[in-house]
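> below is the structure, and that's it, no one-letter string:
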């Protein structure tokens, strides 16, 4: 995310050889040299997608089916947030998700529009 000087990666690691269960680790590197790593709510069956949004004041939102993280691009600090506390005036940047071949990757907003989360 060049606009806020962050490199954001979400690593997806299988935890079961037979079931669709994955641990998700978000790694952040800032332009100023800061770095952090945060464990996200695990993907326990097709709920791994994380939408990425650019918010005001250099903040970045990483929003999943069950959790939302707010990243301060100035110091790479990540906080867990309630959905109701997130600003609604944001720009969708892309998603970390499976592509058509079921490979985990980042998909930019220019290649796929924002997808809503399924109600379960």
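On my side now, so go ahead. If you're wondering where the values come from, they're calculated on a predicted model, not measured in any experiment. Numbering: from 1, shown residues only.

> against residue 91, how distant is residue 116?
Using Cβ to Cβ, to the nearest Å, residue 116 is found at 17 Å from residue 91. In short, each C-beta sits where N, CA and C put it, glycine included.

> give me the more crowded residue out of those two.
Each of residue 116 and residue 91 has its neighbours counted (other Cβ atoms under 10 Å); residue 91 has more, 11 against 6.

> from one end of stretch 59-67 to the other, what's the distance?
End-to-end distance of stretch 59-67 (Cα to Cα, to the nearest Å): 16 Å.

> same question but for stretch 77-91, I mixed them up
With Cα to Cα as the measure, the ends of stretch 77-91 fall 20 Å from one another.

> list the buried ones in that stretch?
Residues 78, 90 are the ones in stretch 77-91 that count as buried (16 or more other Cβ atoms under 10 Å).

> check the offset of it from the chain's centre.
With Cα atoms, centre = their mean, to the nearest Å as the basis, stretch 77-91 stands 12 Å off its chain's centre.
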